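**Q** generate coordinates for the sequence data below:
(one chain, ligands or ions: 1)
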Amino acid sequence: MLGEQASQRASLEARARSILESAGYERIETPAFEATELFARGVGESTDIVRKEMFTLQDQGGRSLTLRPEGTAPVCRAYVEHGMHKRRQPVKLWYLSSFFRHERAQAGRYRQFWQVGAESIGSEDPAVDAESIALLAALLAEAGVMGLRLRLSSLGSAHARGEYRERLQAHLRANEASLSHDVRSRIELNPLRAFDSDDADTQSVMRTAPLLLEHLDADDAEHFAQVRRLLDVAGVAYEIDPTLVRGLDYYTRTVFEFTSDELGAQSGVGGGGRYDGLIERLGGSPTPGMGWAAGIERIMLAGERSRIGASSEVAAHATVLAPVELFVALDGSREELRGAAFALLSEARSAGLSAQMDLGGRSLKGQLGHADALGARYVAIVGDEQTVLKDMQGGGQQTVAANTVVHAVLRSHHAL
Ligand code: AMP
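**A** Numbers count the residues shown, from 1 in each chain. Model (predicted):
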């Protein structure tokens, strides 16, 4: 990374920090290498990363260590090791670090590269999924990434996937002669990856393959429907792609990927999903999680240079942790209310406010306690009949039309 790129990189980092810390994510930095076992177990033995792409070495004590190929397993290890389940859930963490994969280097694909990533651990609320995706959408939009597309799907939970896997394996075996060698060798180990194949004959077999999205159980289907509804209210555009399978084993339920038409063959800019079984696989108690990672070099390749470059004000603003200007609380649990609250959260963030909402299914009292602990300046309580805007410092409160909340907070902000 040289000269001009260094300043672009710095301002991209400042944008990421500003967007994620305003949304309540805290920075985490894990070591550059970890015990190989962490990735073998966490990322999965059947994945390309573990099978082919890890830089692994033995230290003087004979231990097997691996340069981190991805960030989710290390962050989850840290969550377990540091007892973060005792903190208010979900715990929201972000990182910007270098990663290492033994790959054939080409434009946009390097053996050492940088990722910005965000993980939200400890809640299975669909609003966690929607918030996480919306934040990456906001970051990529701010970075000026062009030709952006978001593909979305659900992989269901482990049990439903087991049944589907057998169905898919039967389809693959019935068409084995037409499959590429690579796909054929993975029918047992990782049949879902057949959807990713770029071999033409394999692709034609996959066109008639059964789709996991059509075999979700009722809970998983409802979870996915809620994620979609929340993305709709937040104005995040997406395409449902039932063939989207992410390369890592740990995903459950929501998966997504942003691509840019600007990038040619290496079109993936960033992606992620839910990993409800991962913490348990790493020795913690069953804990849901959701996260994503996006490639810094790819964002820079696909971004408009002028926009990434011109952001000194972001850099200055982002050096302090943003105080929470608006906390959106829910007086009730009806789904429409949650939709309205999420819409308000998105509107506040788009207007540049540091805003948060409850993602842990708390009572109204619990939510107000959370807002207080965060030092929130205002709380908007979204109810069936009305929205109340509470001034947490001045002490007053007033009933307002929901669509005037952001304006009211901004006005008081400017008056300070
Ligand atoms: P993954 O962890 O494979 O889902 O990758 C997430 C993002 O990291 C991708 O969308 C890319 O933007 C970026 N990425 C992954 N591998 C590489 C690589 N070898 N070189 C550069 N960027 C990469």
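**Q** summarise which helices and strands the longest helix along the chain is packed against.
**A** Secondary structure assigned by DSSP state H gives helix 3-22 as the longest helix of the chain. Contacts defined by 3 or more CB pairs under 8 Å, 6 or more residues apart in numbering; DSSP states H and E place helix 3-22 against strand 91-100, strand 112-121, helix 126-142, helix 296-302, helix 305-309, helix 312-317. C-beta: built from backbone N, CA, C; applies to glycine.
**Q** and A318, what pLDDT?
**A** Note for A318: predicted pLDDT of 43.
**Q** so where's the stretch 101-250 of the chain shaky on pLDDT?
**A** By pLDDT under 70, the weakly predicted segments of the stretch 101-250 of the chain are 247.
**Q** enumerate the residues of it near the ligand.
**A** 101, 103, 108-110, 113, 115, 247 (CB under 6 Å from any ligand atom).
**Q** okay if I get those as CSV plus distance to M357 and neighbour count?
**A** Putting these into CSV (distance: CB to CB, whole Å; neighbours: other CB atoms under 10 Å) gives the following:
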residue, distance to M357, neighbour count
R101, 36, 20
E103, 39, 15
G108, 35, 20
R109, 37, 16
Y110, 37, 16
F113, 33, 17
Q115, 26, 21
G247, 32, 18
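**Q** and the two most separated of these?
**A** Pairwise distances among those were taken by CB to CB; the largest, 16.9 Å, belongs to Y110 and G247.
**Q** tell me where the stretch 201-350 of the chain has helices.
**A** According to DSSP state H, counting those that start in this stretch, the stretch 201-350 of the chain carries its helices in the segments 218-233, 278-281, 296-302, 305-309, 312-317, 335-350.
**Q** got the ones you listed as a markdown table, with distance to G42 and mean neighbour count columns?
**A** Below are those laid out as a markdown table (distance: least, CB to CB, whole Å; neighbours: other CB atoms under 10 Å):
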| stretch | distance to G42 | mean neighbour count |
| --- | --- | --- |
| helix 218-233 | 22 | 18 |
| helix 278-281 | 6 | 21 |
| helix 296-302 | 22 | 22 |
| helix 305-309 | 32 | 15 |
| helix 312-317 | 33 | 14 |
| helix 335-350 | 30 | 20 |
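**Q** residues near T399, how many?
**A** Number of residues near T399 (other CB atoms under 10 Å) recorded here: 11.
**Q** show me the domain layout of the protein.
**A** 3-157+217-316, 160-213, 323-415 (automatic domain parsing).
**Q** nearest to the ligand: which residue in the stretch 251-400 of the chain?
**A** Closest to the ligand within the stretch 251-400 of the chain is G295: 2.3 Å, counting by CB to the nearest ligand atom.
**Q** check contacts around that residue.
**A** By CB atoms under 8 Å, 6 or more residues apart in numbering, the contact set of G295 is 108, 113-115, 268-270.
**Q** same thing but at 7 Å, please
**A** The contact partners of G295, taken as CB atoms under 7 Å, 6 or more residues apart in numbering, are 113, 115, 269-270.
**Q** related to what we said a few turns ago, the longest helix of the chain near the ligand anywhere?
**A** No - figure legend: helix 3-22 not in contact with the ligand (CB under 6 Å from any ligand atom); closest approach 12.7 Å.
**Q** ok, and for that helix, which residues are buried?
**A** 8-9, 11-22 (16 or more other CB atoms under 10 Å).
**Q** likewise for stretch 187-197?
**A** Neighbour counts over stretch 187-197 (16+ other CB under 10 Å) mark 187, 190-197 as buried.
**Q** hmm, back to that, now, of the domains of the chain, which is deepest in the fold?
**A** domain 3-157+217-316 (a mean of 19; mean count of other CB atoms under 10 Å).
**Q** make a markdown table out of the helices and strands packed on helix 3-22 and add distance to G375.
**A** Shown next, in a markdown table, are the helices and strands packed on helix 3-22 (distance: least, CB to CB, whole Å):
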| stretch | distance to G375 |
| --- | --- |
| strand 91-100 | 16 |
| strand 112-121 | 20 |
| helix 126-142 | 20 |
| helix 296-302 | 31 |
| helix 305-309 | 31 |
| helix 312-317 | 18 |
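**Q** quick check: the residue of the stretch 101-250 of the chain nearest the ligand.
**A** F113 (3.4 Å).
**Q** name the nearest residue to that residue, sequence neighbours excluded.
**A** Excluding its sequence neighbours, the residue lying closest to F113 (CB to CB, 6 or more residues apart in numbering) is E297, at 5.6 Å.
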